[in-house]
Structure formats: C-alpha cells, structure tokens
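sequence and computational prediction follow.
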Amino acid sequence: MRIIKVKDYEEMSRKTANIISAQVILKPDCVLGLATGSTPIGTYKQLIEWYQKNDIDFCEVTTFNLDEYVGLSFDSNQSYHYYMNKMFFSQINVDMKNAHIPDGMNTNAAEECRRYDEKIRSCGGIDLQLLGIGLDGHIGFNEPGTSFELGTHCATLTESTIRANERFFEKAENVPKYAYTMGMKSIMQAKKILLIANGENKAQILREAFLGQITPQVPASILQLHSDVTLIVDEASGKFL
Ligand code: PGA
C-alpha cells in the first residue's frame, strides 16, 4: 500500500486529480469507479478545470458510482445522481450513456443489484476506483458488520451514517433508510484503488482500517489485502499513519 501524505485538502484534491488524469491519458477508454460525499468535491473541481483547458478528455471514459439511496428520484437534490451531475458530469464531456449509478427508483432490489454487477463485468471491470471513507470505516454503504463477500446489494443505513448524512436533508427522518451499494467484493475487484481522506475526524478510523485487524467491523480494512491501493491523506487525517 502506498501512503501519500499531503499538506491539506487542496493538495489532496490536486494529487488525486493527477492520478485520475494519468489513468485517462494512459487508457482513454478506461473504467473509473467514482464516489460521492464531501471529500472528492475538490478532485472533481480540479478535473473540470483541466478538462476546460483541454488537458483531459472524458469522451471515451466509462464511470460507475459506488452507491445510490433507494427511493430518491434522479432529480431529488439529495440523490447521488443529482450530486454527480452537478459536481462533475454536467461540466465534462463524459457520454452520459457510459456514466452508471445504481437506480434507486428500481424497487426490485435483487434485479437492480444483479444488473449493476453485470454491467460492471460487461465493461471489463473497474480500472481505477476512487473511494472516501466513513467515520465508522464504511466504504460506499458497506456498513460495519457487512460481509466482505457481497457484490452490489441493498444496504440498511446505520444510525451513525444517517446522523452523518442528516446535514444534507431537512430532517433526520427524511434520510433514506436503504441504499444500493457496490459490495466490498466488487470494490476489491477494481484493478487500482485510490482512497482519499482529510481532516482530524478521519485520523482514528484510518489507523483502525489500515494499521488494525482486517475485520468486517471496519469495512475498509479489507483494502489491506488489495495489491494496488494508494491512500492520499492530509496531515490531520494521516497523523497516525
Ligand atoms: P465524506 O463521506 O467524504 O463526506 O466524509 C465519506 C463517506 O461517508 O464515504
């Protein structure tokens, strides 16, 4: 595992964008795994800036997002469809036919999850997967205690995640209780993984995930077994690494 420690959020975002950019230059029709949350926003901003300067071209790129809430329509402004369109897709030249996010409006969970895994497989798997990490060690919506063996599945959100996401909704009871998420098995199949984190509040979970025991209680800990993982962490979050 490579650990790249940087000064602050800006440097984390620039370095992450650099690695994604190198991937797209080396393989213009690559498959990127993308994440939502507050951590990757600066990375997407930087990639948009380089796209506007003609330094990066997404026209052949395929993307797969990690997750989506169940029951939120694409245009609901808390859905991850909305986030991705606003923060990234609408400002670059990705072909929207090739930008995939689980369909939270499909009420047939088994069918939706099977369809998503099949789509990833038919595109040849993910070349580079971008990840954030939750305060409880979750990746996507793989909450503590989730089996490492799962592909895309319907997850029940924990209280801690509902509380953490409450800030995006008017009331806690509006936070959806379920989400479709790629499983740790799907994530471990990505050829390369890039996990990013910033801020003091992530320091302890990064220590547990990457220096502690590999256990489903800390979903990110399984990444210790992946052969090509890079962590980009700022000084505050990386202080124990
Ligand atoms: P954050 O979320 O980037 O908003 O901290 C990370 C996560 O929950 O996966």
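Yep, it's here.

got the CA coordinates for stretch 73-92 in PDB?
What follows is stretch 73-92, C-alpha atoms only, in PDB (Å, rounded to 0.1, in the frame of the first residue of the first chain):
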ATOM      1  CA  SER A  73     -35.600  10.200  -7.800                       C
ATOM      2  CA  PHE A  74     -32.800  11.300 -10.100                       C
ATOM      3  CA  ASP A  75     -33.700  14.900  -9.800                       C
ATOM      4  CA  SER A  76     -34.100  14.900  -6.000                       C
ATOM      5  CA  ASN A  77     -31.300  17.100  -4.900                       C
ATOM      6  CA  GLN A  78     -30.100  14.700  -2.300                       C
ATOM      7  CA  SER A  79     -29.700  11.800  -4.700                       C
ATOM      8  CA  TYR A  80     -26.200  10.800  -5.800                       C
ATOM      9  CA  HIS A  81     -27.400  11.100  -9.400                       C
ATOM     10  CA  TYR A  82     -28.000  14.800  -8.700                       C
ATOM     11  CA  TYR A  83     -24.700  15.200  -6.900                       C
ATOM     12  CA  MET A  84     -22.700  13.600  -9.800                       C
ATOM     13  CA  ASN A  85     -24.500  15.600 -12.500                       C
ATOM     14  CA  LYS A  86     -24.000  18.900 -10.600                       C
ATOM     15  CA  MET A  87     -20.400  18.300  -9.300                       C
ATOM     16  CA  PHE A  88     -18.900  16.600 -12.300                       C
ATOM     17  CA  PHE A  89     -20.800  15.100 -15.200                       C
ATOM     18  CA  SER A  90     -22.600  18.200 -16.400                       C
ATOM     19  CA  GLN A  91     -19.200  20.000 -16.600                       C
ATOM     20  CA  ILE A  92     -17.200  17.500 -18.600                       C
END
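
who touches that stretch?
For stretch 73-92, contacts defined as CB atoms under 8 Å, 6 or more residues apart in numbering pick out 34, 36, 41, 44-45, 47-48, 51, 58, 65, 67-69, 72, 96, 99, 101, 104-105, 168-169. (C-beta placed from N, C-alpha, C; glycine too.)

need the pLDDT of S76.
Predicted confidence (pLDDT) for S76: 89.

an error on my part: the question was meant for T146.
At T146, pLDDT is 96.

and what of A109?
Model confidence at A109, given as pLDDT, is 97.

and it, how many neighbours?
16 (other CB atoms under 10 Å).

ok, and which of the contacts of stretch 73-92 reach the ligand?
With CB under 6 Å from any ligand atom as the criterion, the contacts of stretch 73-92 include none near the ligand.

what subset of these is buried?
34, 36, 44-45, 47-48, 51, 58, 65, 67-69, 72, 99, 101, 104-105 (16 or more other CB atoms under 10 Å).

alongside the ligand, which residues does the protein contribute?
So far as CB under 6 Å from any ligand atom goes, the chain lies against the ligand at 37-39, 132-134.

JSON lines for the residues you listed, including pLDDT?
Listed next are the residues of the chain next to the ligand as JSON lines, based on pLDDT from 0 to 100:
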{"residue": "G37", "pLDDT": "93"}
{"residue": "S38", "pLDDT": "95"}
{"residue": "T39", "pLDDT": "98"}
{"residue": "G132", "pLDDT": "98"}
{"residue": "I133", "pLDDT": "98"}
{"residue": "G134", "pLDDT": "93"}
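
and the helix or strand hosting A209, what other elements does it pack with?
Using DSSP states H and E, A209 sits within helix 203-211. The helices and strands touching helix 203-211, judged by 3 or more CB pairs under 8 Å, 6 or more residues apart in numbering; DSSP states H and E, are strand 229-234.
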